[in-house]
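Trainee: Give me a model of this one.
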Amino acid sequence: MFNQIYYNYPKFLELNLSIKDKTKSAINLTKSQISKTFDYAKLGGGKLKEKIDFKIQEKAVLNLKAKLAMNHQSFDDFSDDEIEIMLADCKSQIIDSLKNKTLVAALAILGLDFLV
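Mentor: This is a model prediction of the structure:
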């Protein structure tokens, strides 16, 4: 009887190890699925960032056209480098105004309107 229990003990240990291995593989599978989900979120965030940058670029071009029209000038009057500098300036102004609006909105949501 003792010999049967002794000989069965290593098989029981092997069964126990296989359960541990299965558990580890399940955990690794779950980790990989979670990382894929977060990778998708990063990809989606990149697409969103590109769309936002494109909209800011469009708005900067429109603002620059309006400024030039008010001064009776056109894009032909300037070199490519000068236009690029003016566009960068318009983009920075748009980004600054968006940051200010976002900050004011966040403070309003928090009920801290006395800081605005």
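
Trainee: quick one: low-confidence ranges for the protein?
Mentor: 1-18, 33-44, 113-116 (pLDDT under 70).

Trainee: how much space between D96 and T102?
Mentor: 11 Å (Cβ to Cβ, to the nearest Å). The way it works is simple: take the backbone N, C-alpha and C, and place the C-beta from them, glycine included.

Trainee: what does K67 give?
Mentor: Taken as Cβ to Cβ, the span from K67 to T102 is 25 Å.

Trainee: These two: which has the busier surroundings?
Mentor: Remark: of K67 and T102, K67 carries more neighbours, 13 against 10, as counted by other Cβ atoms under 10 Å.

Trainee: what helix or strand does that one sit in?
Mentor: Using DSSP states H and E, K67 falls within helix 2-70.

Trainee: Give the next helix or strand downstream of that helix.
Mentor: As assigned by DSSP H and E, the chain's next helix or strand after helix 2-70 is helix 80-110.

Trainee: Any buried residues in that following helix, and which?
Mentor: Neighbour-count burial for helix 80-110 flags 83, 86, 90-91, 94 (criterion: 16 or more other Cβ atoms under 10 Å).

Trainee: Which residue lies nearest the spatial centre of this protein?
Mentor: The centroid of the chain falls nearest to G45 when counting by Cα atoms, centre = their mean (3.6 Å).

Trainee: one step back: in TSV, list the buried residues of helix 80-110 along with distance to H72.
Mentor: Formatted as TSV, the buried residues of helix 80-110 follow (distance: Cβ to Cβ, whole Å):
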residue	distance to H72
I83	17
M86	16
C90	18
K91	24
I94	24
